[in-house]
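K.L.:
fold the following for me, if possible:
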Amino acid sequence: MIIKQSVEIGGRSLSIETGRMAKQADGAALVQYGDKVQPFCLC
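P.N.:
Below you'll find the model as predicted:
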C-alpha cells in the first residue's frame, strides 16, 4: 500500500511517500520539497 501526503510550505510542496521502495526495511520514505528529492531508509 502506497501512502502519500502533501502540504504547501513556503510556497513549495512538501510531500512524503511511503510503501513504494525498500519494502524489506523497517521504514522507508521518499521526501520531496519543491524540486529536491531525498530517499530515507531505516533498517
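
K.L.:
R12 and Y33 touch, don't they?
P.N.:
Yes. In this structure, R12 is within contact of Y33 by CB atoms under 8 Å, at 5.9 Å. Heads up, the C-betas are built off the backbone N, CA and C, glycines and all.

K.L.:
neighbour-wise, which of those two wins?
P.N.:
The neighbour comparison of R12 against Y33 (other CB atoms under 10 Å) goes to Y33, with 14 against 11.

K.L.:
ok, what's across the strand from that one?
P.N.:
Listed by DSSP bridges, the beta-bridge partners for Y33 are L14, K36.

K.L.:
I figured it was touching I16, is that so?
P.N.:
No. At 9.6 Å, Y33 does not count as touching I16 under the criterion of CB under 8 Å.

K.L.:
please enumerate the strands of the chain.
P.N.:
3-9, 12-18, 27-33, 36-42 (DSSP state E).

K.L.:
make a markdown table out of the ones you listed and add mean pLDDT.
P.N.:
Compiled in a markdown table, the strands of the chain are given as follows (pLDDT from 0 to 100):
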| stretch | mean pLDDT |
| --- | --- |
| strand 3-9 | 96 |
| strand 12-18 | 95 |
| strand 27-33 | 93 |
| strand 36-42 | 90 |
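
K.L.:
contact partners for the nearest residue to I2 once chain neighbours are set aside?
P.N.:
Closest residue to I2 apart from its sequence neighbours, by CB to CB, 6 or more residues apart in numbering: G19 at 4.2 Å. By CB atoms under 8 Å, 6 or more residues apart in numbering, G19 lies in contact with 1-3.

K.L.:
for G19, give its distance to I9.
P.N.:
23 Å (CB to CB, to the nearest Å).

K.L.:
on that earlier part again, let me see the backbone angles for the residue nearest to I2.
P.N.:
phi 100, psi 0 (degrees, to the nearest 10).

K.L.:
before we move on, back to that, name the residues contacting each of R12 and Y33.
P.N.:
Between them, R12 and Y33 share no contacting residue, judged by CB under 8 Å, 6+ apart.

K.L.:
confidence score at Q24?
P.N.:
pLDDT recorded at Q24 is 77.

K.L.:
ok, now G11?
P.N.:
Here, the pLDDT recorded for G11 equals 95.
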